[in-house]
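Peer 1: A predicted structure for the sequence below; I have some questions about it.
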Amino acid sequence: MLTYLINGLSLGSVYAIIALGYTMVYGIAKMLNFAHGDVIMVGGYVAFCSTSYLGLGPIPSTLFAVVVCTVLGIVVERLAYKPLRNATSLAVLITAIGVSYFLQNAALLIWSSNPKSFPNLVGSIPNIVIGELVIPSTAIVTVIANLLIMLTLTMFTGRTKMGKAMRAVSEDKGAAQLMGINVNRTISVTFAIGSGLAAIAGVLLCSAYPTLMPTTGSMPGIKAFTAAVFGGIGSIPGAMLGGILLGVIEIFAKAYISTQLSDAIVFAVLIVVLLVKPTGLLGKKVSEKV
Amino acid sequence: MATMLKVNDLKVHYGSIQAIKGISFEVNEGEIVTMIGANGAGKSTTMNTVAGLLKPTEGSIEFLGKSLIGIAPHKVVNEGLSLCPEGRRIFQHLTVLENLEMGAYTRTKEEADETLQKVYNLFPRLKERYKQIAGTLSGGEQQMLAMGRALMSRPRLMMLDEPSMGLAPILVDQIFDIIVNMNKAGTTILLVEQNAQMALSVADRAYVLETGNIVNSGSGKDLLSDDSVRRAYLGG
Ligand SMILES: Nc1ncnc2c1ncn2[C@@H]1O[C@H](COP(=O)(O)OP(=O)(O)O)[C@@H](O)[C@H]1O
Ligand SMILES: [Mg+2]
């Protein structure tokens, strides 16, 4: 029982970190970046290569993955999404799906379809054993990383000038421009942060589930997107709550109901929540202009 | 009086629809200039174009001798021109203080702190409520916040788009008093209004806009007693 809860929290924390990327990009650029999941995969591969081929340690590898994904996020936004700033949301959505396929196929070309066995980058830290209960170090690191990220982002959006500007842009781009805020730069920064977080999520995810393939990011990406909607898309605490709940529900469903049905159950919960509260658990009401 | 804003033969389209059909007007340093006109005349389009949010198809906009054409909207405020937009458009989920901080986005912390005190003096209500989420303010307070926020960039010229919209008469009086005070304190004002009576009575000069054309202009007093203006905008 407790073991399941710990696994659930750990998986949920990974979803939460990914969901933060979805939710921030949605909040500011008002688009669903369906390629976000594939950035996780790229982060995983970069970390894999830096440990396996370059012999870097866990922390430098992770940092390297973060840097590569941050740059990737900025480049993708600049090349694929920025030209569509005034296009219909359908065009943007289709482009995002295109970017997703592009990243997967690029990974296929570079790293082939053979699964790579990912080294557990947090394995050097000992597990915690309390009587019968073993808390894997991966779970501890994941949960702590999630809390730190959450704390940092909350401080960032609440206290810094750039963070406040992001919130302003997410509400009203035109008014933000009137203040002198450079909206394009704000969107770039958002993509950078989201993609950097995706890299961290990639390392943590692959440390817990060590099979790395070009499609590795898809399912967690979709689940995290679900988590973001579940918690209330656009809301940072919502992404956190949605992610953790989703992870816990998924693990419990797998343990007590059925492994095959667990995903169906997760999505069923989502549908029920959205029926009751269409804006998600912590979603803001769409404010009306007076 | 030095010319501050000079707009010449301005034309603006929304797709194939022409909203502004070649208008010219100017604002001199220290003035209150108002542009009146019915709903849909093109007042907001004009303001938004000057602020850089819309691109004109033709014409020139010069501010303090410098052309504003092609300058990114977020850079226009650096030139000393600030727009308090129609419908207020305050950041509803941010606090009052955060909204004001955003107004001073292009300013240093020291400049922002100094201006904040001035804005608080002009709007004591905002000081009392600095921690409140802006969306929960009353309509009048939201208008004050929008004006305070626009002042935070220390504009030489402040453009106000229908500040009295949707406010009770007593609040309208208050808002106009504040506009006059801001002007006395050294800010030049370009005021767009449907409330022609109020606008003309505080304005040094005025323009009348009708379906994208300027059809009349003169001093505020003259237009207040002009027959065609009285018929069209002052109810007799
Ligand atoms: N975003 C838009 N797209 C198309 N037409 C618009 C848009 N905004 C305004 N218009 C049209 O331009 C004209 C001028 O509008 P506007 O500048 O808002 O007038 P005012 O502020 O004087 O009420 C109107 O005919 C209006 O319908
Ligand atoms: Mg208008």
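Peer 2: Yep, it's here. Ligands and ions are numbered 1, 2, ... in the order given.
Peer 1: Now do the strands for the chain: every range, in order, please.
Peer 2: This is for chain A. A:116-117, A:128-130, A:133-135, A:211-212 (DSSP state E).
Peer 1: My question was about chain B, not that one.
Peer 2: Counting by DSSP E, one finds strands in chain B at the ranges B:3-14, B:17-28, B:32-36, B:58-63, B:66-67, B:81-84, B:157-161, B:188-193, B:205-210, B:213-219.
Peer 1: So what touches the first one?
Peer 2: The set of residues that contact strand B:3-14 without belonging to it, under Cβ atoms under 8 Å, 6 or more residues apart in numbering or on different chains, is B:18-29, B:42, B:45-46, B:49-50, B:54-64, B:81, B:156-157, B:188, B:190. Just so you know, the C-beta spots here come from the backbone N, C-alpha and C atoms, and that holds for glycine as well.
Peer 1: near ligand 1, which of those show up?
Peer 2: Residues of the contacts of strand B:3-14 in contact with ligand 1 (Cβ under 6 Å from any ligand atom): B:19, B:42, B:45.
Peer 1: Poorly predicted segments of chain B, please.
Peer 2: Where chain B drops to pLDDT under 70, the residues are B:236.
Peer 1: right, I mislabeled it, should have said chain A
Peer 2: A:285-290.
Peer 1: rewinding a little: quick check: which of the strands of chain B is nearest to A:Tyr4?
Peer 2: Proximity to A:Tyr4 (Cβ to Cβ) singles out strand B:81-84 among the strands of chain B, at 56.0 Å.
Peer 1: Adjacent strands (with direction) for the closest one?
Peer 2: strand B:157-161 (parallel) (DSSP bridges).
Peer 1: buried stuff in the partner strand?
Peer 2: By neighbour count with 16 or more other Cβ atoms under 10 Å in any protein chain shown, strand B:157-161 contains the buried residues B:157-161.
Peer 1: quick check: longest helix of chain B.
Peer 2: The longest helix of chain B (DSSP state H) is helix B:169-184.
Peer 1: and the angle for that one with strand B:157-161?
Peer 2: 160 degrees (axes from the mean of the first three to the mean of the last three Cα atoms, to 10 degrees).
Peer 1: touching chain A at all, helix B:169-184?
Peer 2: No - Helix B:169-184 stays clear of chain A (Cβ under 8 Å from any Cβ of the partner chain), getting no nearer than 13.1 Å.
Peer 1: all helices of the stretch 51-200 of chain A, in order?
Peer 2: With DSSP state H, counting those that start in this stretch as the criterion, the stretch 51-200 of chain A has helices at A:58-76, A:89-111, A:137-159, A:161-171, A:173-178, A:183-208.
Peer 1: Please work out which residue of chain B is closest to ligand 2.
Peer 2: Residue of chain B nearest ligand 2, by Cβ to the ion: B:Ser44 (3.2 Å).
Peer 1: That residue against B:Gly87, yeah?
Peer 2: No - with contact defined as Cβ atoms under 8 Å, B:Ser44 does not reach B:Gly87; the gap is 9.2 Å.
Peer 1: who's more crowded, those two?
Peer 2: When neighbours are counted by other Cβ atoms under 10 Å in any protein chain shown, B:Ser44 and B:Gly87 differ, and B:Ser44 comes out ahead with 20 against 15.
Peer 1: So which bits of chain B are right by chain A?
Peer 2: So chain B meets chain A at B:51-53, B:72-75, B:77-78, B:82-83, B:85, B:87-94, B:98, B:101-103, B:105-106, B:135, B:139, B:142, B:149-150, B:153, B:166 (Cβ under 8 Å from any Cβ).
Peer 1: list the contacts for the closest residue to the residue of chain B closest to ligand 2 other than its chain neighbours?
Peer 2: Excluding its sequence neighbours, the residue lying closest to B:Ser44 (Cβ to Cβ, 6 or more residues apart in numbering or on different chains) is B:Glu86, at 5.0 Å. Contact analysis of B:Glu86 by Cβ under 8 Å, 6+ apart lists B:44, B:47, B:161-162, B:165, B:192.
Peer 1: farthest pair in these?
Peer 2: B:Met47 and B:Met165 (13.2 Å).
Peer 1: Compare neighbour counts for these two and give me the winner.
Peer 2: Neighbours were counted for B:Met47 and for B:Met165 using other Cβ under 10 Å; B:Met47 has more, 23 against 16.
Peer 1: Ligand 1 versus the more buried one, what's the distance?
Peer 2: 8 Å (Cβ to the nearest ligand atom, to the nearest Å).
Peer 1: want to try a markdown table for the buried residues of strand B:157-161, with distance to B:Ser228 as columns?
Peer 2: Listed next are the buried residues of strand B:157-161 as a markdown table, based on distance: Cβ to Cβ, whole Å:
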| residue | distance to B:Ser228 |
| --- | --- |
| B:Leu157 | 29 |
| B:Met158 | 29 |
| B:Met159 | 26 |
| B:Leu160 | 25 |
| B:Asp161 | 24 |
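Peer 1: which two from those residues end up farthest apart in space?
Peer 2: Top of the distance list for those (Cβ to Cβ): B:Leu157 and B:Asp161, 13.4 Å.
Peer 1: can you count the residues close to residue 88?
Peer 2: By default, I'm working from chain A. By the measure other Cβ under 10 Å, the count of residues near A:Thr88 is 9.
Peer 1: actually it's chain B I care about, not the one you picked
Peer 2: B:Arg88 has 25 neighbours, counted by other Cβ under 10 Å.
Peer 1: Repeat that for A:Leu147.
Peer 2: By the measure other Cβ under 10 Å, the count of residues near A:Leu147 is 13.
Peer 1: for B:Gln117, same thing?
Peer 2: A total of 10 residues lie near B:Gln117 under the criterion other Cβ under 10 Å.
Peer 1: And it, how far from B:Leu137?
Peer 2: Using Cβ to Cβ, to the nearest Å, B:Gln117 is found at 20 Å from B:Leu137.
Peer 1: cool, B:Ile20 as well?
Peer 2: Relative to B:Leu137, B:Ile20 is positioned 33 Å away (Cβ to Cβ).
Peer 1: ok, these two, which is more surrounded?
Peer 2: Each of B:Ile20 and B:Leu137 has its neighbours counted (other Cβ under 10 Å); B:Ile20 has more, 28 against 21.
Peer 1: Pull the distance from stretch A:83-94 to the chain's centre.
Peer 2: Centroid separation for stretch A:83-94 versus its chain: 22 Å, with Cα atoms, centre = their mean, to the nearest Å.
Peer 1: Straight-line length of that stretch, end to end?
Peer 2: With Cα to Cα, to the nearest Å as the measure, stretch A:83-94 spans 14 Å from end to end.
Peer 1: Can you spell out the domain ranges of chain B, please?
Peer 2: B:1-25+B:41-71, B:80-191 (automatic domain parsing).
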